[in-house]
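Peer 1: Make a model of this:
(one chain, ligands or ions: 1)
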Amino acid sequence: MKNIILIQRNSSSWRKKASLVGLFIFVAGIILGVSPLLTQQQTSPPPLTIEKVKDNIYLIKGGSGANCYFIAGPKSNLLVDAKMTPDSFLAMLAEIQKISAKPLLMIILTHSDGDHVNGLRGLNQKVRLLAHRKTYEEMLPAVEQTPELKDILPSETYENSQVLDFEGTRLELKNFGPAHTSGDTIIFIPGSRVAIVGDLMFYGRDPLIHKHKNGTFFGYLKTLQAMLNYNPEIEIYLSGHADPAGRQEAAGLIDSLKDKEARVRQMIEQGRTLDEIKSAFGVQPPPAGSPVRRPPLIEIIYQEIMEKK
Ligand SMILES: [Zn+2]
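Peer 2: Below you'll find the model as predicted:
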């Protein structure tokens, strides 16, 4: 089996602009989806840890930003997502070297949120950067405002699906339409019965739907179902903010979301207002002065039901 065959990235500057990094955090943080509050909470992130999930697939927790994953090939490494700060990104690369001292060939981005991509500002080597076309488009405004960020833009994009042969490991990239954002990628690794799903699996808390990135609740439901149907042999789902989960957890998440939808629908039929429905679900108003107001899931479900009426 050979290396991935894809178009070559252009070999423009990949130099780190360290002195300007601080300046970019605010712009990139907002546009790529991290609140200013979150970008300031970087004083003492939890320590980075790496654990083997299965075969050649590893989970990297801690640091600043979401869970990342890497796949150790015989000749090189492939990374999924890039933490939120250059420090955590570079520390992660150093930790990976302790387990697999190979060059980094490629980074796949699961979506455009800052806690998954902003660490790329620390990228100081030439690697291929792959994401869904919509993720590229969601990252573009930040780059257009701040040209020094251009090196964090994906160098390769795909549309609905793409199959890669990474040094003998088959990766099937799929986008099932807008869900968490408009450019979510699920990476199925059928040989290991594993899928890396970015922010499509939350449990113990409500999923986030980024309306400002054309995410949708009904799309999220559809994507989760499509994820289960696409390959019934997948046993482990790896996500950005939760521990590895199985099919049961994924199916349970779908059921709980459908249940919420049914309850909201019922209350709408009973003539209850949005505020009444939110309070029935125990949704509290956001704390005064919170910098970015994102509608809670119940409100998004309500709006999407009403839009379809
Ligand atoms: Zn996200």
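
Peer 1: When you work out contacts or count neighbours from here on, use the C-alpha atoms and nothing else.
Peer 2: OK.

Peer 1: Report the helix of this protein that spans the greatest number of residues.
Peer 2: If you go by DSSP state H, the chain has its longest helix at helix 247-269.

Peer 1: After that one, which helix or strand is next?
Peer 2: helix 274-280 (DSSP states H and E).

Peer 1: Quick check: buried residues in that following helix?
Peer 2: 274, 277, 278 (16 or more other CA atoms under 10 Å).

Peer 1: Adding distance to residue 51 and pLDDT, write these out as JSON lines.
Peer 2: Converted to JSON lines, the buried residues of helix 274-280 look like this (distance: CA to CA, whole Å; pLDDT from 0 to 100):
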{"residue": "274", "distance to residue 51": "44", "pLDDT": "96"}
{"residue": "277", "distance to residue 51": "42", "pLDDT": "97"}
{"residue": "278", "distance to residue 51": "39", "pLDDT": "95"}
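
Peer 1: From these, pick the one nearest the ion.
Peer 2: The closest of the buried residues of helix 274-280 to the ion turns out to be residue 278 (CA to the ion; 23.3 Å).

Peer 1: And the closest residue to the closest one other than its chain neighbours, how far from residue 212?
Peer 2: Sequence neighbours aside, residue 298 is the residue nearest to residue 278 in space, at 6.5 Å (criterion: CA to CA, 6 or more residues apart in numbering). According to CA to CA, to the nearest Å, residue 298 and residue 212 sit 16 Å apart.

Peer 1: Between those two, which is the more surrounded one?
Peer 2: residue 298 (23 against 13; other CA atoms under 10 Å).

Peer 1: contact partners of the helix or strand encompassing that one?
Peer 2: Element membership of residue 298, judged by DSSP H and E, is helix 297-308. Residues outside helix 297-308 that contact it (CA atoms under 8 Å, 6 or more residues apart in numbering): 206-209, 216-218, 260-261, 264-265, 274, 277-278, 281.

Peer 1: Are any of those buried, and if so which?
Peer 2: 207-209, 216-218, 260-261, 264-265, 274, 277-278.

Peer 1: so which of these comes closest to residue 142?
Peer 2: residue 209 (20.2 Å; CA to CA).

Peer 1: The ion contacts on this structure?
Peer 2: 113, 199 (CA under 5 Å from the ion).

Peer 1: For the spatially most central residue of the chain, give its distance to residue 281.
Peer 2: By CA atoms, centre = their mean, the chain has its centre lying nearest to residue 198, at 3.7 Å. Distance, residue 198 to residue 281, using CA to CA: 27 Å.

Peer 1: Pull the strand or helix carrying residue 225 out as CSV, backbone CA atoms only.
Peer 2: Using DSSP H and E, residue 225 maps to helix 217-230. The C-alpha coordinates for helix 217-230 follow below in CSV (Å, rounded to 0.1, in the frame of the first residue of the first chain):
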residue,chain,number,x,y,z
PHE,A,217,-30.5,20.4,14.6
PHE,A,218,-32.3,18.3,12.0
GLY,A,219,-29.1,18.0,10.0
TYR,A,220,-27.3,16.9,13.2
LEU,A,221,-29.9,14.1,13.7
LYS,A,222,-29.6,13.1,10.1
THR,A,223,-25.9,13.0,10.2
LEU,A,224,-25.8,10.9,13.4
GLN,A,225,-28.2,8.4,11.8
ALA,A,226,-26.2,8.4,8.6
MET,A,227,-23.0,7.8,10.6
LEU,A,228,-24.5,4.7,12.2
ASN,A,229,-25.9,3.4,8.9
TYR,A,230,-22.8,4.1,6.8
